[in-house]
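Visitor: Sequence and predicted model, in that order:
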Amino acid sequence: MKVTKTGDLKFIQEWNRFLILNIIRREGPISRSEIAKLINISPTTVTTAVTEMIREGLVAEVGSGTSRGGRKPILLQFVPDSKFLIAVSIKISSISIARMNLHAEIKRKESYSTGGRIGRDFIRFVISCIDGFLSRESDLERCLGISISCPGIIDQQKGSVRYNSKLDWKNVPLVHIVEERFGMKTWLDNDANAMALAEKNFGAYKNSDHLVHVTVGDGVGAGVIANGQLFCGHGGGAGEFGHICIDPEGEPCECGNTGCLENYAAWTAARRRIVEKLADGRPSLLREKGGADGSRITIEDFLFALGQKDAIATEVALEISAYLAKGLVSLINMFNPQVVILGGDLFSGNPTLLEHVTRLTRRSIMNVFSDEIIIDGSSFGRDQHLVGAASVLLNDQFRFSLLA
Ligand SMILES: [Zn+2]
């Protein structure tokens, strides 16, 4: 690739801008001269970039610092509410949409049940949910765009969902559809990747350059941060953790293989186990929740029963923990991450499953890894999917993970 001098200069200017904005965001209130010293950039470059950021409203002058002789330096601070974005978290069973600021904080949110829709019907439903949400928004001229996270294999470059069997989607050009309909710039990534970006940009372990985010809910997936960057693979399909084989003689999977982890550890598999166990007549908090065939039992019901030490819920938690740990051992031995975050709806709001999986995983990973690895829950609780969705746009526009 031939890089022109003009191209070089533009790249350097953009890179400096990311560095300066991130220093102000992380260290502010801070003076222009302190920024120049911290990142070894000329004071003129800092002043030019800061003038532009003040004009855009991203940075504000917030008073003056202490002088070491001469004029008191003016201090700068990042303004997270200067702009906002619309985050859209698509799950098989629900869609959440939120107005979020530049710190990925939720200002307003709405959730909608998808009611079992699939295919084109699901696409129409996504559009109608965004339409309804935007109709209740004002000052859209300050909106950076729409940032979507969605399960399945995503082509980030083309902005399309290459494959999602549960939604019956193949090569759906979701970014094009949304941009065409709403005239707003749109971003898209896989939900597990999005949540890995959220942890890297805003989470408790943002200083780690080797982090894996495992998502367990309607499906099972993983987002991998390697050397500080999201690892996407050749066609955007890296991290299909739910489709590693844990039983060669096991159940056939929609992907074409047999014995895939997802069929043993995702919520549908957990619910099937609950229903089987309820059939033997034992008392359980889950019995009255389920309806005749147990189909109305929700993840929240399961996590509540688990918190109450319900015998059937505890058995199922131990069983799916064993399968997840089996998969995690391979993942950890393969990538040697410093941090593994266990997220998704099944890990949200109840520490029991996290404890089981952590204990079983630590027992089986290579001894050399077990002392140094951190296994923890999401930094963002029930809002993790929305913080993830927002992070796709924010990571692309501001490189917040830079210098983290
Ligand atoms: Zn599979």
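Guide: Yes, it's here. No experiment lies behind these values; they were computed from the predicted model shown. Residues are numbered from 1 along each chain as shown.

Visitor: Spell out which residues of the stretch 201-350 of the chain are next to the ion.
Guide: Residues of the stretch 201-350 of the chain lying close to the ion (CB under 5 Å from the ion) are H243, C253, C255, N257, C260. (C-beta placed from N, C-alpha, C; glycine too.)

Visitor: give me every residue that touches I375.
Guide: I375 makes contacts with V339, V340, L342, L354, V357, T358, T361, R362, as judged by CB atoms under 8 Å, 6 or more residues apart in numbering.

Visitor: so what secondary structure elements neighbour the longest helix anywhere in the chain?
Guide: Secondary structure assigned by DSSP state H gives helix 311-335 as the longest helix of the chain. Other helices and strands packing on helix 311-335, by 3 or more CB pairs under 8 Å, 6 or more residues apart in numbering; DSSP states H and E, are strand 211-216, strand 220-226, helix 262-265, helix 267-278, helix 299-307, strand 339-343, helix 351-364.

Visitor: coming back round to it: among the residues of the stretch 201-350 of the chain next to the ion, which ones are in strands?
Guide: Judged by DSSP state E, strands contain none of those.

Visitor: Using PyMOL, define a selection of the buried residues within these.
Guide: Command for PyMOL, covering only those of these found buried under the criterion 16 or more other CB atoms under 10 Å:
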select buried, resi 243+253+260
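
Visitor: In TSV: the residues of the stretch 201-350 of the chain next to the ion, plus distance to G115 and pLDDT.
Guide: Converted to TSV, those look like this (distance: CB to CB, whole Å; pLDDT from 0 to 100):
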residue	distance to G115	pLDDT
H243	27	94
C253	25	93
C255	26	88
N257	30	94
C260	27	96
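
Visitor: got the contact list for R271?
Guide: For R271, the contacting residues are G294, S295, I297, F302, by CB under 8 Å, 6+ apart.

Visitor: one more time with 10 Å, if that's ok
Guide: Residues in contact with R271, defined by CB atoms under 10 Å, 6 or more residues apart in numbering, are L286, G290, G294, S295, R296, I297, T298, I299, D301, F302, V316.

Visitor: which residues touch the spatially closest residue to the first one that is not a sequence neighbour?
Guide: Excluding its sequence neighbours, the residue lying closest to L286 (CB to CB, 6 or more residues apart in numbering) is A305, at 5.2 Å. Listed by CB under 10 Å, 6+ apart, the contact partners of A305 are 274, 284-287, 289, 297, 311-314, 316-317, 350.

Visitor: hmm, 7 Å instead?
Guide: Contacts of A305 were listed using CB atoms under 7 Å, 6 or more residues apart in numbering, and they are S284, L285, L286, A313.

Visitor: Select from the residues you listed the one having the most neighbours.
Guide: Of all the contacts of A305, the highest neighbour tally under other CB atoms under 10 Å goes to A313, namely 27 neighbours.

Visitor: and the gap between the residue lying closest to N164 once chain neighbours are set aside and G236?
Guide: Among residues not flanking N164 along the chain, G152 sits closest, at 3.1 Å (CB to CB, 6+ apart). Using CB to CB, to the nearest Å, G152 is found at 10 Å from G236.
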